[in-house]
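>>> fold the following for me, if possible:
(chains A and B)
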Amino acid sequence: MKKEKEPYRNRIELLQGTLDMLILQTLQWGPQHGYGISQGLRSRSSEVLQVETGSLYPALHRMERTRWIAAEWRKTEQNQRARYYRITAEGRRQLASERAKWSGMVEAIASILET
Amino acid sequence: MSLWRRIFGMDTRKSELDEEMEAHRRMAMEDRVARGEREEDARAAVDREIGNQALAKDVTREAWGWVWAERLLQDVRYALRQMKRSPGFAATVIGTLALGIGAATAMFTVVDHVLLRPLPYKDAKQLVTMSEHGNDPRFNSGAPWLDFSQWRAANHSFQDLAFWKGMDGRNYLQGNATALQIDGQEVSPNLFAVLGAKPALGPGFIDEQPGFGAVKNAGSIVLSHAVWETAFGGDKGIVGRKVRVNDQRWTVVGVMPAGFQFPYDNYPAGQVWTVRQLDGDDKKLDPHGDDVAQYTVMGRLRPEVTVKAARAEMATIQKQVAAQYTDPEQRAYRNLVKVDRYGDTLVGADIRKALLALLAAAGALWLIASVNVTNLLLARSTARQREIAMRGALGASRGRVLQQMMVEGLVLSSSAAALGIALALVAIRITGSVASIHLNVDFSTHVNVAILAMLCGLTLMTAVVSSAWPALLAVRAPIEPALKQGGQQTGAGRRHNRMRSALVAIEVAMSLTLLVACGLLLRTIYTLRHVPLGYRTDHIVVANLSIPTYRYADNNVVTSLYQPLLERVQQLHGVRMAGMMSEVPLGQTFNIMLSLRLNGQMITAGLKPVSPQIQSIFGMKMLAGRFYNAEDTPNSAPVVVVNEAFAREFAPNQHDPRSVVGMGLWSVQKGAPKARVIGVLDDERQVRVDRPSQPEVDPCLCQLKPNTMSYQPSTIAMDLAVRTNRPTAEMIPEIRAVLKQASPELANSTFSTMDQIVEDSFGSQRLAAHLLEIFGGSALLLCVAGLYGLLAYVVSQRTRELGLRIALGAQRADLSWLVLRQAGGMLLIGVAVGAGLAWASARLVRGFLYGVQAHDGWTLAGAAVLLFLSGMLAAYVPARRAANVDPMEALRAE
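Predicted structure coming up:
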């Protein structure tokens, strides 16, 4: 049987640094584990954004190191052990500045596209 | 390892990450199953979603920031495992590198001690010493005060000039019942200022200008750190106290810092300095005899003045100074000034050259070792191509593989470095005793930080050189073919083999160069050992006496010390005959030169007062006349014996040296009749075995009196020579006891045997020969190991091909021949290149050689044959293995 790599349809390449912002935004609504974050992003983007584990976990661990988020082990509703991440005060500040930058950029791009 | 883990909590975090990912997978699965998917489908979908989980984990761990440490540790562990798995290979690599590093370190230690160590003075490069000489610069002497004062007033080259002079005779710091032999110097009050040195303790000498009015420092003494420690136990209250040196009392005004010495030489017991007090004799214009003190001058150049410029200025000044001399001969002897950078006067040009040549040899050995290791690693990394390809296939990046192989090299070379240091320490200990005799350097100190730093540099370089190259080649190799072909039979390709052959040829060439140098030195030593010395050396104990000079300033040392001592030694059991001589042949202890007027012309000759027994003790032959006997007494007619070289040069009848007998030489006292020559000794090797005899006059000790002109040196230098029946080692303690009884200072005397003295006199040659024996032998060994390693590898690579050849009907001898031919080719190329190298580098060793030409065809041929035969022997084992390849076994793999 011949297998071919199936290209992701509707896949959007995330801009550098955007993933961090999205993760922080997701954690604004409360502590969440890795899978929960990826599911959250997916459903909120109407299934467009699918974050790979190879990007998600490095980002989580990196942000943990920079203390934007903190982690602890907790039980899920299904009574399973999972590592929950929560946003810190520093993370909130970071998110605010990222959002400001983002909206600035969106406006700039929009104004170019609309002329 | 467990400690490391505990510190970084690495394992906990790793398993946590595993668990986290696992939870992710489970939740994703459950979600899908809950949505109604079949379990298998769900699993497949999740797997696809997650993708390469190992990679994801890897990338995540990188985010932790210290993954490099983990990897390094992993690599080190892996390298250690590799070493354990092939101990033979590891031992070869480590041994080879250790040899190279050890040799380089040992040589660098020696060179550092002798050439590179900075002098303990401020801006030592500005310091120059000066002395006066005539047309023959070998005979130079210090400047009398009047010359010095004119130099100091007239020059524009120097910031300041100072002078110094050794204290007369041997010097002792006296305790209650002991006497410590020390070096004593009388200096001008500004000398320490010129050197830019200050005492570590006490104020030091009072600042004053040198001259007749400078008396502020009379009775003051400055001690070296060593004297302070040895004699006063480092007592901080020493300043202001009185000490006794040579029966005179001095007040200590300072202790110099540790490491300071002046003059810069090897004085293990330490030094003291006092300020020279000028006297009436210093006002005399023409210095001759012993009455006018002669000083060595030290100047500090102005920063912008070169030595050359200073030399030119001093030449002009000295012309005017010498013009004032009334004695035309003195003028001729002192019309020039020798100006040398102080640092350059400390190590002779020949020794400097010798050391650099030996350093080059050590460097060559290190290079050979590196080339050898590169070759070995190259062979192995080719053998490991499959392993590397497999790693690549499993996702290892090229950089990662490169790093791992370099870590392997680093682990190997740091083990080698540790072993190399140990080797170097042993080598220094062995060569140090030889070197210290000839180089006058204290080698007791351990390897210093600079050397260790250099060693680390060498190790890193070795690691990079020997791992980077094979690793680069291995990494650049494409993955697929290596995996496809499988088995060990992936031929390395012609290019690799050719390069390795070239490396072996380079090794052979460099080894040949070292072997030739070694051969030349061995022939030199052999020739030197067979030079007729002109005297016997067996069964002779020699004691270089530590004479308390100050005790014999006013009484006759010959009658009060030497003659009673000889009589007592003569009584000892096993002593056949005891005699005295100011310096035994080749003793290199104290050289006395005699200048006298003969037929209206000044001549110079060596002077060695002897006792009558010396001729029989050393078995010296007479060319003419007789030696001293019992009839020669203080009151009989003054007589002297000269040597053949003296007779040849100064005999009245130039064609007959014997005609010197009966010639009157000099008056021992004013108005007394001239001492007559009564005998001519056959030539003997006096200073060095490789130097022909110099003119020498040997007056009789028995006729020396405190008022005769050759008496003075005898209170400083005297060797006791004893011919024994018993083994010399047994005799030495007994003789020492007799000496101590005569005077406590004599217990400091150094003992040796005549055989040993001759051996020691080979100094630089023996040192060079020993080192080159080690270097050459090691190079040969490395060469053989390298050749063997390569051929053994080639044969193992070609097993299948060889098996096929046999299966197709090749003779086994042909297969051996195949391997031997390859070895022969490499050896021949190496020998040809090496012969050229050896020819070109011959001038490096020329200075050491005696009785053999630097371009000696026989030595070259001998070394080439030795190398070739050893190489072929090394090739024989793999050649036999090639011949014994079992075709069935070899082809079964197919």
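
>>> need the residues of chain B near chain A, please.
B:16-17, B:19-21, B:23-24, B:26-28, B:30-31, B:49-53, B:55-57, B:59-60, B:62-65 (C-beta under 8 Å from any C-beta of the partner chain). (Each C-beta comes from the backbone N, C-alpha and C, glycine too.)

>>> mark which of the residues you listed are buried, thanks.
Buried by 16 or more other C-beta atoms under 10 Å in any protein chain shown: B:17, B:20-21, B:23-24, B:26-28, B:30, B:50, B:53, B:56-57, B:59-60, B:62-64, out of the residues of chain B next to chain A.

>>> top helix in the chain by residue count?
With no chain named, the answer covers chain A. If you go by DSSP state H, chain A has its longest helix at helix A:89-114.

>>> sorry, I should have been clearer: chain B.
helix B:398-439.

>>> and the strands in the stretch 201-350 of chain B?
B:220-223, B:242-245, B:248-255, B:271-275, B:296-301, B:336-341 (DSSP state E, counting those that start in this stretch).

>>> going by neighbour count, which residues of the second one are buried?
Within strand B:242-245, the residues scored as buried using 16+ other C-beta under 10 Å are B:V243, B:V245.

>>> and stretch B:649-662, what's its mean pLDDT?
The pLDDT scores in stretch B:649-662 average 84.

>>> by contact count, what packs against the longest helix of chain A?
helix A:18-28 (3 or more C-beta pairs under 8 Å, 6 or more residues apart in numbering or on different chains; DSSP states H and E).

>>> list the strands paired with the helix or strand following the helix it packs on, with their directions.
Using DSSP states H and E, the helix or strand that follows helix A:18-28 in sequence is strand A:32-33. Note on strand A:32-33: by DSSP bridges, its sheet partners are strand A:81-87 (antiparallel).

>>> report the inter-axis angle for the partner strand versus helix A:18-28.
100 degrees (axes from the mean of the first three to the mean of the last three C-alpha atoms, to 10 degrees).

>>> C-alpha coordinates for strand A:81-87, CSV please?
Presented in CSV, the C-alpha positions along strand A:81-87 are these (Å, rounded to 0.1, in the frame of the first residue of the first chain):
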residue,chain,number,x,y,z
ARG,A,81,-3.3,12.9,36.4
ALA,A,82,-2.4,15.8,34.0
ARG,A,83,-0.1,18.8,34.1
TYR,A,84,-2.1,21.9,34.4
TYR,A,85,-0.7,25.3,33.3
ARG,A,86,-1.9,28.6,34.7
ILE,A,87,-1.0,32.1,33.7
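
>>> for that strand, which positions count as buried?
Using 16+ other C-beta under 10 Å as the test for burial, strand A:81-87 gives A:A82, A:R83, A:Y84, A:Y85, A:I87.

>>> just stretch B:264-277 next, same as before
So, applying 16+ other C-beta under 10 Å, buried residues of stretch B:264-277: B:Y264, B:Y267, B:A269, B:G270, B:Q271, B:V272, B:W273, B:T274, B:V275, B:R276.

>>> what's the closest of these to B:N725?
B:A269 (34.5 Å; C-beta to C-beta).

>>> my guess is the closest one meets B:V227, correct?
Yes. Using C-beta atoms under 8 Å, B:A269 is in contact with B:V227, at 7.3 Å.

>>> okay, and the common contacts of these two?
B:L180, B:I182 (C-beta atoms under 8 Å, 6 or more residues apart in numbering or on different chains).

>>> my guess is B:S546 meets B:F751, correct?
No. Using C-beta under 8 Å, B:S546 is not in contact with B:F751, being 11.2 Å away.

>>> show me what the helix or strand encompassing B:R500 is packed up against.
For B:R500, the enclosing helix or strand under DSSP H and E is helix B:494-529. Counting contacts by 3+ C-beta pairs under 8 Å, 6+ apart, helix B:494-529 is packed against helix B:349-383, helix B:763-797, helix B:812-845, helix B:857-883.

>>> now mean pLDDT and distance to B:A42 too, for the ones you listed, in TSV please.
Listed next are the helices and strands packed on helix B:494-529 as TSV, based on pLDDT from 0 to 100; distance: least, C-beta to C-beta, whole Å:
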stretch	mean pLDDT	distance to B:A42
helix B:349-383	79	46
helix B:763-797	80	51
helix B:812-845	88	63
helix B:857-883	89	59
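
>>> can you pull the pLDDT of B:E186?
93.

>>> would you pull up the residue in the stretch 301-450 of chain B closest to chain A?
Residue of the stretch 301-450 of chain B nearest chain A, by C-beta to the nearest C-beta: B:G395 (12.6 Å).

>>> looking at chain A, which helix or strand is least sure?
The helix or strand of chain A with the poorest confidence is helix A:53-65; it has a mean of 86 (mean pLDDT, DSSP states H and E).
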